[in-house]
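> after the sequence you'll find the predicted model.
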Amino acid sequence: MRRKNLGATLSETTVIVTGAAGRVGSILKRVWTAAPPPALRFLWSSRQETPGIRWDIGAGPAPAWRRDAILLHLAGTTGARDPGSNPGLIPPVLEACRQNHVRHLVCLSTAAVYAPGPVPARESDPPAPPGPYGAAKLEAERLLVASGLPLTILRLGNLAGADALLAPRAPGQDIRLDPVADAPGGPLRSWIGPLTFAQALAALLGRIAAGEALPPVLNIVQAPPLGMADLLRASDLAWGWAAPNPKVVPVATQDNAALAALLPLPSATPAQIIAEIQALRALPEP
């Protein structure tokens, strides 16, 4: 029995996950604990005193871990909290990768590196971030590319349940959505459900572990894009229309053809996205 367990352990690829306590990391930990992806062993890293690796990136020496691991870098700040700090995390992350002989670095970036427009953004489109958060994440991407390490950058769209629209709210905090003229569905965005996201990411990590080459940049969204108002109508959230806002962005979407060529993805519908949020919340806390 011991030999069998040892063999199973040796066949697994270790995946170090930074930012484990953040919104995205918490979703992944919840899903992957409930349904562990095959042949992958996750070590969760955060600044907090939790099981796993305690690593305050940039505040001290990088911890040691098993060589030939994959590093999944989620740690960072959002657009609302000091977005300019994101590039500063990259040098210590790269140092840790070299110190521990990491096999491949997978970094979570954002759709905010693209300029909004009427056509879904493709990975080959020149980045043109309209705000400081996207600019900071783009600078982080450039530092990663310049490192020469084996790298995949994931430009995540709206992750349902971790986004500002559909995340849990305190009682009495009704949503006021900016209207878009002649668009009853409201602002149009690209989405991915939390379960689909976790399953797709696990599949990509599994391909890396198996030695397959991935595109250097991938948009991480489902298709087609969905209107924010359509999602709110499918949810149990209290909401209404705000006063017209001249700064509203009517359309900001991503093309997912490259991801769909690698993995089967369900079509996005308001009912499917909301059902995945509800299924996520039904999972036990890890």
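Ah, there it is. Residues are numbered from 1 along each chain as shown.
> what strand or helix carries residue 249?
Using DSSP states H and E, residue 249 sits in no helix or strand.
> chain neighbours aside, what residue packs nearest to it?
With C-beta to C-beta, 6 or more residues apart in numbering as the criterion, residue 249 has its nearest non-adjacent residue at 4.8 Å, and that residue is residue 116. C-beta here means a position set from N, CA and C on the backbone, and glycine is covered the same way.
> next, the one you found: phi, psi?
Main-chain dihedrals, residue 116, degrees, to the nearest 10: phi -60, psi 150.
> distance of it relative to residue 217?
18 Å (C-beta to C-beta, to the nearest Å).
> same deal with residue 168?
Going from residue 168 to residue 217 by C-beta to C-beta gives 31 Å.
> that older thread, so who does the residue nearest to residue 249 touch?
Contacts for residue 116 (C-beta atoms under 8 Å, 6 or more residues apart in numbering) come out as 130, 249, 251, 252.
> same check on residue 149?
Counting by C-beta under 8 Å, 6+ apart, residue 149 touches 94, 97, 98, 102, 104, 105.
> looking at those residues, which is nearest residue 52?
Relative to residue 52, the closest of the contacts of residue 149 is residue 102; by C-beta to C-beta it sits at 16.8 Å.
> is the closest one within a helix or a strand, and which one?
Here residue 102 sits in a region with no helix or strand, counting by DSSP H and E.
> distance check, it against residue 15.
For residue 102 relative to residue 15 (C-beta to C-beta), the value is 10 Å.
> now the common contact residues for these two.
With C-beta under 8 Å, 6+ apart as the test, residue 102 and residue 15 both reach 69, 70, 71.
> quick check: bridge partners of the closest residue to the first one other than its chain neighbours?
Read it as residue 69. In space, and not counting its chain neighbours, residue 69 is closest to residue 14: 4.0 Å by C-beta to C-beta, 6+ apart. For residue 14, the beta-bridge partners under DSSP bridges are residue 41.
> quickly note the distance from residue 14 to residue 74.
16 Å.
> now residue 283
Residue 283 sits 19 Å away from residue 74, going by C-beta to C-beta.
> the more surrounded of those two?
Neighbours around residue 283 and residue 74, counted as other C-beta atoms under 10 Å, are more numerous at residue 74. The numbers are 22 against 15.
> how many neighbours does the nearest residue to that one once chain neighbours are set aside have?
Distance criterion C-beta to C-beta, 6+ apart; nearest residue to residue 74, sequence neighbours excluded, is residue 19 at 3.5 Å. When neighbours are counted by other C-beta under 10 Å, residue 19 registers 24.
> now residue 19: which helix or strand?
Using DSSP H and E, no helix or strand contains residue 19.
> phi first, then psi, for the residue lying closest to residue 110 once chain neighbours are set aside.
Closest residue to residue 110 apart from its sequence neighbours, by C-beta to C-beta, 6+ apart: residue 137 at 4.9 Å. Residue 137 adopts backbone torsions of phi -70, psi -30, taken as degrees, to the nearest 10.
> ok, residue 137 to residue 45 distance?
Counting by C-beta to C-beta - residue 137 and residue 45 are separated by 20 Å.
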